[in-house]
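A.B. asks: Give the three-dimensional model of this entry:
(one chain, ligands or ions: 1)
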Amino acid sequence: MRQPRIVRVGLIQNSISVPTTCHFAEQKKAIMEKVKLIIDAAGASGVNVLCLQEAWTMPFAFCTREKRWCEFAEPADGESTQFLQDLAQKYNMVIVSPILERDINHGEIIWNTVVVIGNNGNMIGIHRKNHIPRVGDFNESTYYMEGNTGHPVFETAYGKIAVNICYGRHHPLNWLAFGLNGAEIVFNPSATVGELSEPMWPIEARNAAIANSYFVGSINRVGTEVFPNAFTSGDGKPQHADFGHFYGSSHFSAPDASCTPSLSRYRDGLMISDMDLNLCRQIKDKWGFRMTARYDMYANLLSEYLKPDFKPQVIADPLINKRKA
Ligand SMILES: NC(=O)NCCC(=O)O
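C.D. replies: Modelled structure (predicted):
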């Protein structure tokens, strides 16, 4: 009986614009100029909520473990947020902006953060990446720690949104927590390469959308970023100067298990999809996942598991070694 709640949602994937050897200010400016054109296209298309890719203002330099890339970090209300605030207001659009944050009020430490900008150009709030990868060349723990902002859901003019940043998509409890807080759309801005994660990419977000009865917007950058100094992955293989290929393939998943086609593996792109947020409740009513979830049972297991004297509940076959030859 409710009126449809149609929201037009956009995802932007892009490569960097100039080589990583250029002056940092030039690199950032070039990316901002390129992304502005795509945001303008989203605005002209009537997008209501738009999400950019992880650390969109910079090359994904964390593989290098060189600290000079921290130069790209900026306060949550800094240059890129101010740049996007104007565009959010101009296009009456919510913009989700993942950046490298420098927290000037807390010792200038660095976080992997998303800034949520309302359609009036106001800053609604921030969220910091909960799970930090230590896999292959993704040595991000060199730069920032696990986030301290929990699982906020941002109530915007167009719906309740949340952001599960990149590696957090491998953690089902992270997806769950955004759902428990009432998210209707969860964005997953990412930076990941084909050799590492491509077989997982079409599965994890889609599973999360089904299990949590919400929409998911998955974004990955595109291209191969070559860095000035070679680095190793600590796996005995030769040193190298790039991560491999960021495979794009941004797409949406819906709570009814449907999904859109993906953007290109190679080119910049803007994915736009209209979604009726009523589907979240309709699927909850149909499947009853929340109702049947037995959260009390799992809360109990988790609290037992955290105790130092926890013993796994394993029932061994008493005849396990008794088989005659
Ligand atoms: N940026 C990031 O967290 N990448 C980790 C690699 C992955 O999760 O696929």
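A.B. asks: Quick check: bridge partners of E74?
C.D. replies: According to DSSP bridges, the partner residues bridging E74 are E101.
A.B. asks: neighbours of it, just the number please.
C.D. replies: For E74, the count of nearby residues is 21 (other CB atoms under 10 Å). For the C-beta atoms, the positions are set from N, CA and C on the backbone; glycine is no exception.
A.B. asks: cool, and N119?
C.D. replies: For N119, using other CB under 10 Å, the count is 18.
A.B. asks: which residues does it contact?
C.D. replies: N48, A88, Q89, N92, M93, V94, T156, A157, Y158 (CB atoms under 8 Å, 6 or more residues apart in numbering).
A.B. asks: ok now do the third one, which residues does it touch?
C.D. replies: Residues in contact with Q89 (CB under 8 Å, 6+ apart) are N119, N120, G121.
A.B. asks: rewinding a little: most widely separated two among the contacts of N119?
C.D. replies: Across these, no pair lies farther apart than Q89 and Y158, at 14.8 Å, counting by CB to CB.
A.B. asks: What parts of the stretch 151-300 of the chain come near the ligand?
C.D. replies: In this structure, the stretch 151-300 of the chain approaches the ligand at residues C166, Y167, S190, A191, T192, L196, S197, judged by CB under 6 Å from any ligand atom.
A.B. asks: Just read off the phi/psi values of the second one.
C.D. replies: Summarising the backbone geometry of Y167 under the convention degrees, to the nearest 10, its torsions are phi -60, psi -20.
A.B. asks: doesn't K129 make contact with it?
C.D. replies: Yes. Taking contacts as CB atoms under 8 Å, Y167 lies within contact range of K129: 7.5 Å.
A.B. asks: out of those two, which sits in the more crowded spot?
C.D. replies: Comparing Y167 with K129 by other CB under 10 Å, the one with more neighbours is K129, at 28 against 24.
A.B. asks: Quick check: phi and psi at the more buried one.
C.D. replies: The phi/psi pair for K129 (degrees, to the nearest 10) is phi -50, psi 130.
A.B. asks: quick one on the thing from earlier: sort out for me which of the contacts of Q89 are in strands.
C.D. replies: Nothing among the contacts of Q89 maps onto strands, per DSSP state E.
A.B. asks: so can I have CSV of the residues you listed showing pLDDT?
C.D. replies: Converted to CSV, the contacts of Q89 look like this (pLDDT from 0 to 100):
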residue, pLDDT
N119, 98
N120, 98
G121, 98
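A.B. asks: Nearest to H151 among these?
C.D. replies: N119 (22.7 Å).
A.B. asks: Could you find the closest non-adjacent residue to L176?
C.D. replies: In this structure, L176 finds its nearest non-sequential neighbour in N212, 6.4 Å apart by CB to CB, 6 or more residues apart in numbering.
A.B. asks: what's near enough to touch the one you found?
C.D. replies: With CB under 8 Å, 6+ apart, N212 has these contacts: W175, L176, F178, G179, A183, V186, P255, F289.
A.B. asks: again, only using 10 Å
C.D. replies: 172, 175-180, 183, 186, 255, 280, 283-284, 289-290 (CB atoms under 10 Å, 6 or more residues apart in numbering).
A.B. asks: Any quick ChimeraX command for the buried ones out of the residues you listed?
C.D. replies: Selection command for ChimeraX covering only the buried members of those, criterion 16 or more other CB atoms under 10 Å:
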select :175,176,177,178,179,183,186,255,280,283,284
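A.B. asks: Sort out which of the contacts of N212 are in strands and list them.
C.D. replies: Using DSSP E, those in strands are V186.
A.B. asks: Return the subset of the contacts of N212 lying in helices.
C.D. replies: Members of the contacts of N212 lying in helices (criterion: DSSP state H): P172, W175, L176, A177, F178, G179, L180, C280, I283, K284.
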